[in-house]
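Chemist: missing the sequence, but the structure's below:
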Ligand code: SF4
Ligand code: SF4
C-alpha cells in the first residue's frame, strides 16, 4: 500500500500530542525494526519479520508502512510484541514531531 494514499488526519489545535488516530511513525519503516530482541517474540511473528526483510527494499520503494500497522485503526496489530525501538519512541518527542511534520508537508 502506498502510504501517500492512506488518509491520515492529525488532530489539530491540541496542546497534547497523542498516538490516537496518528501512527505516522509506523508508516516510515516497512519492517518492524527489531534488533536481538526478535529472539524473544513468538516464532510465527519472527518468520513474518524475516520474510519482510527479504523484500524490504521493494516494500520501502513502494512506500509501504510497517507490515504490522493497521491502516484502519492506525495501530500496531502486535503491540504487545513490538520492537524495543517502538517502545522507546517518545510520544511528542523530537522524532515524533519531525515525523508528524513530514506528513503535513
Ligand atoms: S509516537 Fe508520535 S508519530 Fe508515532 S503514533 Fe504517536 S504521536 Fe504519532
Ligand atoms: S509499533 Fe508496530 S506497527 Fe509500529 S513500527 Fe513498531 S512494529 Fe511496526
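Modeler: Alright, I've got the coordinates. Just so it is clear, the structure is predicted and the values come from calculations on it, not from any experiment. Ligands and ions are numbered 1, 2, ... in the order given.
Chemist: how far away from the center of its chain is the helix or strand hosting residue 86?
Modeler: Using DSSP states H and E, residue 86 maps to helix 84-88. Relative to its chain's centre, helix 84-88 lies at 11 Å (CA atoms, centre = their mean, to the nearest Å).
Chemist: could you pull out the buried residues of that helix?
Modeler: Judged by neighbour count using 16 or more other CB atoms under 10 Å, the buried positions of helix 84-88 are residue 86. C-beta coordinates here come from the backbone N, C-alpha and C atoms, glycine included.
Chemist: and the next helix or strand after that helix, does that touch ligand 2?
Modeler: Next helix or strand after helix 84-88 toward the C-terminus (DSSP H and E): helix 94-104. No. Counting by CB under 6 Å from any ligand atom, ligand 2 has no neighbours in helix 94-104; the shortest distance is 10.9 Å.
Chemist: still on that earlier bit, what's the mean pLDDT across the helix holding residue 86?
Modeler: What helix 84-88 shows for mean pLDDT is 96.
Chemist: interface residues of this structure facing ligand 1?
Modeler: Listed as neighbours of ligand 1 in the chain under the rule CB under 6 Å from any ligand atom: 17, 19, 22-25, 89, 91, 96, 99-100.
Chemist: touching, residue 96 and residue 28? I think so.
Modeler: No. At 11.0 Å, residue 96 does not count as touching residue 28 under the criterion of CB atoms under 8 Å.
Chemist: is the helix holding residue 86 positioned near ligand 2?
Modeler: Yes. Residues of helix 84-88 contacting ligand 2 under CB under 6 Å from any ligand atom: residue 86.
Chemist: contacts for that helix?
Modeler: With contact meaning CB atoms under 8 Å, 6 or more residues apart in numbering, helix 84-88 is reached by 25-26, 32-35, 37, 76.
Chemist: next, the buried residues of the helix or strand of the chain with the lowest mean pLDDT.
Modeler: Every helix and strand in the chain was compared by mean pLDDT, DSSP states H and E; the lowest is helix 94-104, with a mean of 90. Residues of helix 94-104 classed as buried: 96, 99-100, 103 (neighbour count, 16+ other CB under 10 Å).
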